[in-house]
Each structure stands twice: as structure tokens, then as C-alpha cells.
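Asker: Give the three-dimensional model of this entry:
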Amino acid sequence: MEEVERLKHNKESLQLELQMHEEERKVFELQMQNLKARLLKMEEQQENTVSNL
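Answerer: Got it, this is the predicted structure:
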């Protein structure tokens, strides 16, 4: 019975850890999207600047 309780506890701990990693991944994905958008905007500004020379 003790083993079952230990396994339940381990399972819950792993599920929480997985949930944390999934949340972190979502945050990183949003940061990447933001960086990509900023990069595209900078590239557009650069192209506009060069075409105006």
C-alpha cells in the first residue's frame, strides 16, 4: 500500500512538472512570435530606408 501511495505522489509530481514545462513552452513560443514580428518590421524599415536612398 505504501508503494501505491509513493507512485501516486510521483505521478502527481510529474504531472505538475509537465504542466510547468508546457506553460514555459507556450511563453517561449509567444516570445518567438514577438521576436519574428519585430524582425520582420525591422527588415521592412531597412528596405524602405534603402529604397529611399
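Asker: just the helices in the protein please.
Answerer: Ranges of helices in the chain, per DSSP state H, are 2-51.
Asker: Please tell me the pLDDT value assigned to the residue nearest the centre of the chain.
Answerer: For the chain, the residue sitting closest to the mean C-alpha position, by Cα atoms, centre = their mean, is Phe28 at 2.1 Å. We have a pLDDT of 99 for Phe28.
Asker: likewise Leu53?
Answerer: Leu53 is given a pLDDT of 81.
Asker: now Met1
Answerer: 87.
Asker: Around Lys11, count how many other residues there are.
Answerer: As a burial measure, Lys11 scores 10 neighbours (other Cβ atoms under 10 Å). C-betas here are computed from N, CA, C, even on glycine.
Asker: To clarify, my last question referred to Ala37.
Answerer: 10.
Asker: Check the spacing between it and Gln46 real quick.
Answerer: According to Cβ to Cβ, to the nearest Å, Ala37 stands 15 Å off from Gln46.
Asker: now swap in Leu18 and tell me
Answerer: 41 Å.
Asker: what's the answer for Asn34, then?
Answerer: Applying Cβ to Cβ to Asn34 and Gln46 gives a distance of 19 Å.
Asker: With Gln19 instead?
Answerer: 41 Å.
Asker: for Glu12, same thing?
Answerer: Distance from Glu12 to Gln46, by Cβ to Cβ: 51 Å.
Asker: on that earlier part again, tell me the contacts of the residue nearest to the centre of the chain?
Answerer: Under the criterion of Cβ atoms under 8 Å, 6 or more residues apart in numbering, Phe28 has no neighbours.
Asker: quick one: it from Glu22, how far?
Answerer: 11 Å.
Asker: repeat for Glu3
Answerer: Relative to Glu22, and taking Cβ to Cβ, Glu3 is found at 28 Å.
Asker: more neighbours, these two?
Answerer: Glu22 (10 against 7).
Asker: residues contacting the more buried one?
Answerer: Per Cβ under 8 Å, 6+ apart, neighbours of Glu22: none.
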